[in-house]
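Colleague: Below is the sequence, then the predicted model.
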Amino acid sequence: MTAKIPATIVTGFLGAGKTTLIQHLLRTANGRRLALIVNEFGEVGVDGEILKSCGIESCPEENIVELANGCICCTVADDFLPTIEALLNRPQPPEHIVIETSGLALPKPLIKAFTWPEVRARVTVDGVIAVVDGPAVAAGRFAEDPDAVDRQRRADEALDHESPLAELFEDQLAAADLIVINKTDLMDARLRAEAEATVRRECGEAAKLLPASFGAIDAATLLGLEAAAEDDLDSRPSHHEAEGEDHEHDEFESFSLEIPTLVAPGDILERLRPAIAAHDILRVKGFLHVAGKEMRLLLQGVGSRLQHYYDRPWRADEPRAGRLVVIGLKGLDRAAIAAALGAA
């Protein structure tokens with residue numbers, strides 16, 4: 001076991017704060033040589049680009065690998081295993097591997113990949129960390145609501161199953177060794193208690209809960225759990241096990257839009273908020289160009305909560321073009337959303 005390289009899987013629903021948590025982890029790694037695998041859902045590698053711009057010496061840009069060809073739990077053999085092997089076979093392999101899954105990924109198939117002979121002898125799953133959007137959970141967005149399910153069932157006789165979002169959320173919690181209830185700065189004591197109670201009902205008995213604001217938990221806490229999760233699969237149940245290893249993501253879709261240069265950041269916010277409400281957009285993220293600004297504007301949104309800031313100067317070799325990724329349930333009206341956002 002001591003010869004194996006530890007790997008940490010960071011899972012969590014769209015916009016829970018996984019990338020922010022990993023940024024803090026990298027900054028507090030105290031020189032430990034890390035490699036990072038980022039799995040995007042969407043056409044634009046926003047999360048990978050955010051992390052590459054950190055400039056952290058212990059995790060240089062060449063140690064950040066993006067898998068943008070589909071959900072990591074569906075492309076284990078084609079994408080993930082070759083990536084892991086390539087990292088391990090470097091002249092100076094990493095001391096710890098951190099994997100940020102897509103917000104739509106099931107964690108258990110990924111854990112099972114570490115039982116493959118090519119990987120098992122050389123890597124162990126140090127721990128699975130689930131990042132939870134505390135205010136969303138407190139509001140019941142991903143918790144069970146029997147009354148709402150019953151109303152839906154009466155309205156549609158064909159609907160006799162749980163929401164796919166709820167199942168995904170439960171699978172992520174059930175697989176976790178450590179659950180970070182993020183965005184506590186947006187909750188009072190009552191809402192925090194409600195979020196913790198909801199999470200505790202769905203997670204494994206051994207899982208630990210930690211509160212966080214802006215994902216600020218140090219690497220010393222997140223790394224070194226020594227869970228060996230690949231040897232503990234039976235205690236990590238999944239809704240999808242009866243369906244086999246493969247599952248579809250037909251419930252979700254994503255697309256990217258080119259956004260013309262903005263006069264001011266507020267312009268896009270005024271367009272986004274009504275579009276999110278009208279089309280039930282789950283997640284929006286991307287980079288924008290603001291006229292007269294030498295810095296790139298990073299925008300992230302979860303539901304109606306939007307955050308934006310200038311993250312770095314535009315490079316001389318890149319076009320100053322805006323692009324947003326929109327993620328939601330299948331059936332999004334792309335044309336209407338594009339028109340609402342003034343997309344090119």
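Modeller: Yep, that arrived. Everything numeric here is computed off the predicted structure, so don't read it as measured data.
Colleague: show me where the chain has strands.
Modeller: Shown for the chain, the strands assigned by DSSP state E span residues 5-12, 34-39, 64-67, 96-100, 123-133, 178-182, 208-211, 252-259, 281-288, 295-302, 305-313, 322-329.
Colleague: Quick check: which of the ones you listed is nearest to A227?
Modeller: strand 123-133 (4.5 Å; CB to CB). For every residue, glycine as well, the C-beta is placed using N, CA and C.
Colleague: how about the nearest residue to R273, chain neighbours excluded?
Modeller: In this structure, R273 finds its nearest non-sequential neighbour in S304, 6.3 Å apart by CB to CB, 6 or more residues apart in numbering.
Colleague: residue contacts, that neighbour?
Modeller: Residues in contact with S304 (CB atoms under 8 Å, 6 or more residues apart in numbering) are R273, I276, A277.
Colleague: any idea how far A340 is from the second one?
Modeller: What it means is I276. 9 Å (CB to CB, to the nearest Å).
Colleague: So the protein: which segments form each domain?
Modeller: The chain is divided into the following domains under automatic domain parsing: 5-243, 252-341.
Colleague: how close does I268 sit to L21?
Modeller: Distance of I268 to L21, given as CB to CB: 26 Å.
Colleague: re the thing from before, go through the strands of the chain and find the least confident stretch.
Modeller: The stretch with the lowest mean pLDDT among those is strand 64-67, at a mean of 56.
Colleague: quick one on the thing from earlier: list just the nearest of the contacts of S304 to A219.
Modeller: Looking across the contacts of S304 and measuring by CB to CB, the closest to A219 is I276, at 33.8 Å.
Colleague: Leaving out chain neighbours, which residue sits closest to that closest one?
Modeller: Using CB to CB, 6+ apart, the nearest residue to I276 is S304, at 5.8 Å.
Colleague: so what's the residue nearest the centre of the chain up against?
Modeller: By CA atoms, centre = their mean, the chain has its centre lying nearest to G103, at 3.8 Å. For G103, the contacting residues are G12, F13, L14, G15, A16, K18, F41, R283, I327, by CB under 8 Å, 6+ apart.
Colleague: List buried residues within the residues you listed.
Modeller: Buried subset of the contacts of G103 (neighbour count, 16 or more other CB atoms under 10 Å): G12, F13, L14, G15, A16, K18, F41, R283, I327.
Colleague: Between those, which sits nearest T198?
Modeller: Nearest to T198 among the buried ones among the contacts of G103, with distances taken as CB to CB, is F13, at 12.9 Å.
Colleague: Give me the nearest residue to that closest one, chain neighbours excluded.
Modeller: The shortest distance from F13 to any non-neighbouring residue, by CB to CB, 6+ apart, is to G103 (5.2 Å).
Colleague: Measure how far stretch 21-36 is from the centre of its chain, please.
Modeller: How far stretch 21-36 lies from its chain's middle: 17 Å, per CA atoms, centre = their mean, to the nearest Å.
Colleague: what's the neighbour count on the closest residue to R320 other than its chain neighbours?
Modeller: Setting aside the residues directly before and after it, R320 is nearest to H289 in space (CB to CB, 6+ apart), at 4.4 Å. Around H289 sit 19 other residues, with neighbours defined as other CB atoms under 10 Å.
Colleague: next one: the one 5 residues further on
Modeller: Residues lying near E294 (other CB under 10 Å) number 10.
Colleague: partner residues bridging the closest residue to it other than its chain neighbours?
Modeller: Leaving aside its chain neighbours, E294 sits nearest to P313 (5.4 Å; criterion: CB to CB, 6+ apart). Residues in a beta bridge with P313, per DSSP bridges, are M295.
Colleague: Pretty sure P313 sits against L297.
Modeller: No - in this structure, P313 is not within contact of L297 by CB atoms under 8 Å, at 11.6 Å.
Colleague: and H96, what does it touch?
Modeller: Contact analysis of H96 by CB under 8 Å, 6+ apart lists I5, P6, A7, T8, A29, R32, R33, L34, A35, D126, L223.
Colleague: So which of these is the closest to K112?
Modeller: A7 (13.3 Å).
Colleague: The closest residue to that closest one other than its chain neighbours: neighbour count?
Modeller: Excluding the flanking residues, the one nearest A7 by CB to CB, 6+ apart is I97, at 4.1 Å. Around I97 there are 24 other residues, counting by other CB under 10 Å.
Colleague: Verify the contact between I97 and P6 for me.
Modeller: Yes - between I97 and P6 there is a contact under CB under 8 Å: 7.4 Å.
Colleague: and for the two, which residues touch both?
Modeller: In contact with both I97 and P6: V123, using CB under 8 Å, 6+ apart.
Colleague: Low-confidence ranges, the stretch 51-200 of the chain, go.
Modeller: Across the stretch 51-200 of the chain, the ranges flagged by pLDDT under 70 are 51-79, 117-118, 142-164.
Colleague: coming back round to it: burial of the residue nearest to E294, as a residue count?
Modeller: P313: 10 surrounding residues under other CB under 10 Å.
Colleague: what does K293 give?
Modeller: Using other CB under 10 Å, K293 is surrounded by 17 other residues.
Colleague: thought it was touching H308?
Modeller: No - the criterion here is CB under 8 Å, and K293 misses it with H308 at 12.0 Å.
Colleague: Return the alpha-carbon coordinates of stretch 219-234 using CSV.
Modeller: Backbone C-alpha positions of stretch 219-234 (Å, rounded to 0.1, in the frame of the first residue of the first chain) are rendered in CSV as follows:
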residue,chain,number,x,y,z
ALA,A,219,-4.9,19.9,1.4
ALA,A,220,-3.9,18.6,4.8
THR,A,221,-7.5,17.8,5.5
LEU,A,222,-8.6,16.7,2.1
LEU,A,223,-5.6,14.5,1.2
GLY,A,224,-4.4,11.5,3.2
LEU,A,225,-7.7,9.9,4.0
GLU,A,226,-6.3,6.4,3.2
ALA,A,227,-9.8,5.1,2.4
ALA,A,228,-8.7,2.6,-0.2
ALA,A,229,-12.2,3.1,-1.7
GLU,A,230,-11.6,0.5,-4.5
ASP,A,231,-11.5,-2.2,-1.8
ASP,A,232,-14.7,-0.9,-0.2
LEU,A,233,-17.2,-0.9,-3.1
ASP,A,234,-20.0,-2.8,-1.3
